[in-house]
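> Build me a model from this:
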Amino acid sequence: MSGKKPVAAPVTATPKSSYNGPVVVDPVTRIEGHLRIEVEVENGVVADVRSSSQLFRGLEIILKGRDPRDAQHFTQRSCGVCTYTHALASTRCVDNAVGVKIPKNATLIRNLVLAAQFMHDHIVHFYHLHALDWVNVANVLNADPKKAASLSNSLNDNRKEKAADFAAVKDTVKALIESGQLGPFTNAYFLREGGHDAYYLPAEADLMATKHYLDALKLQVKAARLMAVFGAKNPHTQFTVVGGVTCYEAMTEKRLKEFTELYEETSAFVRNFYIPDLLAVASFYKDWGGIGKTTNFMTCGEFPEDEYDLNSRFLPQGVILNNDLSKVYDFDPTKIDEHVKYSWYEYGSPKHPYQGETKPKYTKLGDKEHYSWMKAPRLDGKSTEVGPLAQVLVAYARGHKPTVDAVDYVLKYLNVGPEALYSTLGRTAARGIETLVIANQTQAWLDEFKANIAAGDKEIYTEWEMPDEAQGVGFVNAPRGALSHWINIKNGKIENFQLVVPSTWNLGPRDDSGVLGPVEEALMGTPIFDPMRPVEILRTVHSYDPCIACGVHVIDSKTGQTRKFRVL
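I've put the predicted structure just below:
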């Protein structure tokens, strides 16, 4: 993968304090709900957690009575980053309800755009939403640009970086800090006097990561264009319809050439920069292979050959329980239900999404018994993590060769066992592994699509009729995990519509039995070095990619003191 020797790095003892008391991070993110994390710390370690979504969307209510074909145009606007996945889930659920057969080329186009979404999303997450939880930008001022270039080039045979480029980045950071106009780095944890002991990277690694942070800003624009070539625009694609797709220009030589060129550039960045950088940073944070653990995992799989057969998907579906990789259970959608005992909804027994209700009943902020607008989805009564780690674990356990090869390489590179996967570090590594596997497979889908066109097959849409009554479900394994849209149709209109989104699975509250949600479980036992700068909380929360970081207030409820930060 990287083509070079592993980075030699010491295993640092995770620093912690002796602090006892509360820490509240509010909000953590703006997309997929405004997230509030409340923890109780005992002797420097998290002892209790509440994950609280502060934003009520009510999309299910808005959709009632509308034409089922309109659903995708509303649902994809619930998020400005992973918009296509909602459009695809809504389209698939109506496909399923009306029983239309999807042409092979339409499935390939849907897969190609989704692959582009994954590459764009995961690159942005690593460099712009998560890396600064690990990278100390201020430490760049202590770096030697020549050593930084040497380090970078040692990680991959295809890198030809120059010391002058690293020197220019160092000068830019120096000027930024000296100006006092710090932009996204304002009040960053590592800018305080004395720095922050939870940041371990040497200065040259910090400089390398900072340069590639800037490089990735340019690359992600091209990855977004990659989606738009077939998707018409980005965000909020305009090409999926019930029965297939509408992008007839995707079959022209011009569009195929443009897609191919952008794909090659994006996938090369994944192989030559994202993966080597991920492994280099992880080499210095191997202590985090024991922090952020969860127990159960689920994925619906993705990239189908047959839209209605979950077992035809390139990335396999499945469920892993109790961290046992020796047994993979099939994903059974009939066993999903949603709990609302600890949510701001009218309380009733857990309900399957087809019978789901959205009846808001807000109490107050700080209520320990009702504390989130998210419901608590459960699979057969179990709290299950979804997302890249779940997908990688299931694929690895099922013997999916591209995933097995990538996982084995990463474990060998870091000199850790499979148990390290169940962690914040493993979750972050899994996102890179998933990206690499998808990037490599995309060429095969593109080749198949081109071959079909060359053979005269240009069918991308199937006619269908709206039934008076029907129900259907659409499953998409989005970059953040298992996403499902559920529809009941009556008199040709939407009678009921429910979204069960990855952030709900991962960031939802306790269930009716008081069992913690995945992020709540993952935060338990996390060491906190500085309660006023709790980067450790952000590392684990961001490892789930709750989306864009924004302003954060860390509040001590005993003193009322508020500190303002930027989530980096």
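> Tell me how far Ile123 lies from Tyr274.
Counting by Cβ to Cβ, to the nearest Å, the separation of Ile123 from Tyr274 is 6 Å. C-beta: built from backbone N, CA, C; applies to glycine.
> Ignoring the adjacent residues along the chain, who's closest to the most centrally placed residue in the chain?
With distances taken as Cα atoms, centre = their mean, the residue of the chain nearest its centroid is Arg480 (3.2 Å). With Cβ to Cβ, 6 or more residues apart in numbering as the criterion, Arg480 has its nearest non-adjacent residue at 3.8 Å, and that residue is Pro502.
> May I ask you to confirm that the one you found is in contact with Val476?
No. Pro502 lies out of contact with Val476 (Cβ atoms under 8 Å); the separation is 9.6 Å.
> what sits in contact with each of the two?
Residues touching both Pro502 and Val476 by Cβ atoms under 8 Å, 6 or more residues apart in numbering: Leu483.
> ok, back up a step: neighbour count for Ile123 and Tyr274, which is higher?
Under the criterion of other Cβ atoms under 10 Å, the comparison of Ile123 against Tyr274 puts Tyr274 first, with 25 against 22.
> wait, the more buried one sits on Val124?
No. Contact criterion Cβ under 8 Å: Tyr274 and Val124 do not qualify, at 10.5 Å.
> any residues in contact with both of those two?
Both Tyr274 and Val124 are in contact with Ala216, where contact means Cβ under 8 Å, 6+ apart.
> which ones are touching the closest residue to Gly231 other than its chain neighbours?
Spatially, and ignoring its direct neighbours in sequence, Gly231 is nearest to Thr237 (3.5 Å; Cβ to Cβ, 6+ apart). Listed by Cβ under 8 Å, 6+ apart, the contact set of Thr237 reads Gln76, Thr83, Tyr84, Ala87, Val113, Met227, Ala228, Gly231.
> Now for the last one: which residues touch it?
If a contact means Cβ under 8 Å, 6+ apart, then Gly231 has Tyr84, Val113, Thr237, Gln238, Phe239, Cys247 as its contacts.
> Most neighbours among these, please name it.
Ranking the contacts of Gly231 using other Cβ under 10 Å puts Tyr84 first, with 28 neighbours.
> how much space between that residue and Thr435?
Taking Cβ to Cβ as the measure, Tyr84 falls 16 Å from Thr435.
> Show me where this structure has its strands.
All strands of the chain, identified by DSSP state E, fall at 21-26, 35-42, 45-53, 240-241, 244-245, 297-299, 318-320, 336-339, 376-379, 469-478, 481-490, 493-500, 551-555, 562-566.
> Can you list the neighbours in contact with stretch 248-260?
Stretch 248-260 is contacted from outside by Asn105, Ile109, Leu112, Leu226, Val229, Phe230, Cys247, Leu446, Lys450, Ile453, Lys458, Ile460, using Cβ under 8 Å, 6+ apart.
> Mind pulling up the pLDDT for Pro6?
If you check Pro6, the pLDDT there is 75.
> doesn't Thr334 make contact with Asp380?
No. Counting by Cβ under 8 Å, Asp380 does not reach Thr334; the two are 9.4 Å apart.
> what's the closest of the contacts of Gly231 to Gly292?
Of all the contacts of Gly231, Gly292 sits closest to Tyr84, with 28.4 Å by Cβ to Cβ.
> Just give the nearest non-adjacent residue to that closest one, would you?
Distances taken as Cβ to Cβ, 6+ apart put Thr237 closest to Tyr84, at 4.8 Å, once the chain neighbours are dropped.
> now that neighbour: how far from Ala87?
Distance from Thr237 to Ala87, counting by Cβ to Cβ: 6 Å.
> The closest residue to Leu516 other than its chain neighbours - how many residues pack around it?
Excluding the flanking residues, the one nearest Leu516 by Cβ to Cβ, 6+ apart is Arg510, at 5.9 Å. Residues contacting Arg510 under the criterion other Cβ under 10 Å number 22.
> pLDDT wise, what is Arg510 at?
If you check Arg510, the pLDDT there is 97.
> I'd like to check which residues are in contact with it.
By Cβ under 8 Å, 6+ apart, the residues touching Arg510 are Lys341, Tyr342, Ala376, Leu516, Gly517, Glu520.
> wait, what's in contact with the residue lying closest to Asp95 once chain neighbours are set aside?
Spatial nearest neighbour of Asp95, excluding adjacent residues (Cβ to Cβ, 6+ apart): Val242 at 5.7 Å. Applying Cβ under 8 Å, 6+ apart to Val242 gives the contacts Pro68, Arg69, Thr91, Val94, Asp95, Val98, Val100, Trp464.
> Would you check how far apart Val242 and Asn488 are?
16 Å.
> now swap in Val169 and tell me
54 Å.
> go on, Lys218?
In this view, Lys218 and Asn488 are 45 Å apart by Cβ to Cβ.
> now swap in Arg431 and tell me
Distance of Arg431 to Asn488, given as Cβ to Cβ: 34 Å.
> For these two, indicate the residue with more neighbours.
Between Arg431 and Asn488, Arg431 has the larger neighbour count (other Cβ under 10 Å), namely 29 against 21.
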